[in-house]
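K.L.:
could you work out the structure for the sequence below:
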Amino acid sequence: MTDSDQTIRRALQAEQARREAGRVPLFDDTYAAAEIRAARRSRRRRAAFGIAAAAAIVAIAASLLVPRGEDWQYVNPDDLATSTAWVAPSDVLLPEHSIDIYRDIPVLIESTDSDGGALL
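P.N.:
Model (predicted):
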């Protein structure tokens, strides 16, 4: 390297150090802030798990303590079994019956003439 390159390098390093002075936080400050954020996140996570566990316990207790009624309280199973019928909803979309392909073979219109077995 030439002397002018060394001079430019030192001037650039000095100017960069001058402009960055006070802008770059110290490592200890950054690490302490990260520890505080991690502790807060851990506390929030423990609180969320505690709330979820309490909700699960309440749901289990409610299902065990609430008396169960008869399964068919509002529906008579005999009426349900004898009065219902199922029809496919797409039956109305099917075309009307026009030919029976097993009994009535439709005439196929040939689009080409054959000449000795080859279609032309």
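K.L.:
please identify the helix or strand for Asp5.
P.N.:
For Asp5, the element it lies in under DSSP states H and E is helix 3-20.
K.L.:
the helix or strand just after that helix - what's its average pLDDT?
P.N.:
Downstream of helix 3-20, the next assigned helix or strand under DSSP H and E is helix 27-65. For helix 27-65, mean pLDDT is 94.
K.L.:
thinking again about what came up before, and the helix holding Asp5, average pLDDT?
P.N.:
In this model, helix 3-20 has an average pLDDT of 90.
K.L.:
just checking, what packs against it?
P.N.:
Using 3 or more Cβ pairs under 8 Å, 6 or more residues apart in numbering; DSSP states H and E, no helix or strand is in contact with helix 3-20. Backbone N, C-alpha and C define where each C-beta goes, glycine included.
K.L.:
for it, which outside residues touch it?
P.N.:
Helix 3-20 has contacts (Cβ atoms under 8 Å, 6 or more residues apart in numbering) with Met1.
K.L.:
ok now that helix, how far from the chain's centre?
P.N.:
Mean-position distance between helix 3-20 and its chain equals 53 Å (Cα atoms, centre = their mean, to the nearest Å).
K.L.:
what is the burial count for Gln6?
P.N.:
By the criterion of other Cβ atoms under 10 Å, Gln6 has 10 neighbours.
K.L.:
and it, how far is that from Pro25?
P.N.:
As judged by Cβ to Cβ, to the nearest Å, Gln6 and Pro25 stand 31 Å apart.
K.L.:
go on, Ser4?
P.N.:
According to Cβ to Cβ, Ser4 stands 35 Å off from Pro25.
K.L.:
what does Thr2 give?
P.N.:
Computed as Cβ to Cβ, the Thr2 to Pro25 distance reads 37 Å.
K.L.:
neighbour-wise, which of the two wins?
P.N.:
Between Thr2 and Pro25, counted using other Cβ under 10 Å, the more crowded position is Pro25 (10 against 7).
K.L.:
how close does that one sit to Phe49?
P.N.:
If you go by Cβ to Cβ, the gap between Pro25 and Phe49 works out to 33 Å.
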